[in-house]
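In: how would this look folded up:
(one chain, ligands or ions: 1)
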Amino acid sequence: MKLPNITILDEVDKRLRKKSSEVTFPLSTKDKQNIEDMITYLKMSQIPEYEEEYDLRAGMGLAYIQIGIPKRIFVIVEELEDESFKDYIIINPKIISHSEEMIYVGEGEGCLSINREVEGIVPRFARVTIEYLDLDGNTKRIRVREDIAIAFQHEIDHLNGILFIDHIDPKNPYKNAEKYREI
Ligand code: NI
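Out: You can find the predicted model right below:
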């Protein structure tokens, strides 16, 4: 596999704070290529030999704004138990329902735009149902849970200019941890 030539913005870049715009269809060839590149990048970042060869940080999701384009698109690449990958391409997402229960990643959330250690927890819904458009503009619905639900909420935040660190109070980074379930 060849590493796609994409540049991921760092948190200091103000573009990450922009609210991304709704996508109109059909997608351009360039958008489709960028989506494919983001997926390939994430996949390679999760394969140890490429991670090492290209000095990558493993990542599960990328929002389009992270490569500088303010459109409401994100991709998530999930490694399955048989070591194959499942891709999610999500356009114009809306959370239509969510669980009462909230969870957080015990070791902390990560983001390919945050290049430093950040301590603290980010409470997220344990399950969410999302309505979105696929690559052809068809309306779809998906229900996700646990780590994938967290990834979806993290990426939707990016579309609204929000980073996971915004949810953490630096003076009390583990605030209310006992109220939520750790995963
Ligand atoms: Ni992120």
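In: what pairs with residue 71 across the strands?
Out: Following DSSP bridges, residue 71 is listed with bridge partners residue 21.
In: so it makes contact with residue 34?
Out: No: with contacts counted by CB atoms under 8 Å, residue 71 stays clear of residue 34, the gap being 9.5 Å. Just so you know, the C-beta spots here come from the backbone N, C-alpha and C atoms, and that holds for glycine as well.
In: what touches both of those two?
Out: Contact criterion CB atoms under 8 Å, 6 or more residues apart in numbering; residues shared by residue 71 and residue 34: residue 64.
In: so if I had to pick from these two, which one is more boxed in?
Out: The residue with more neighbours, out of residue 71 and residue 34, is residue 34; 22 against 19, by other CB atoms under 10 Å.
In: ok, now how distant is that one from residue 17?
Out: 20 Å (CB to CB, to the nearest Å).
In: what about the residue nearest to residue 7 when sequence neighbours are not counted, how many residues nearby?
Out: Closest residue to residue 7 apart from its sequence neighbours, by CB to CB, 6 or more residues apart in numbering: residue 67 at 6.6 Å. Residue neighbour count, defined by other CB under 10 Å, stands at 18 for residue 67.
In: ok, residue 16 next?
Out: Residue 16, neighbours per other CB under 10 Å, totals 21.
In: can you report how many residues neighbour the residue nearest to it when sequence neighbours are not counted?
Out: Leaving out its chain neighbours, the residue that sits closest to residue 16 by CB to CB, 6+ apart is residue 9, at 5.6 Å. By other CB under 10 Å, 15 other residues sit near residue 9.
In: residue contacts, residue 9?
Out: Here residue 9 is in contact with 15, 16, 65, 66, 67, 68, 113 (CB under 8 Å, 6+ apart).
In: against residue 35, how distant is it?
Out: 17 Å.
In: show me which strand runs longest in the chain.
Out: The single longest strand within the chain, with elements called by DSSP state E, is strand 85-98.
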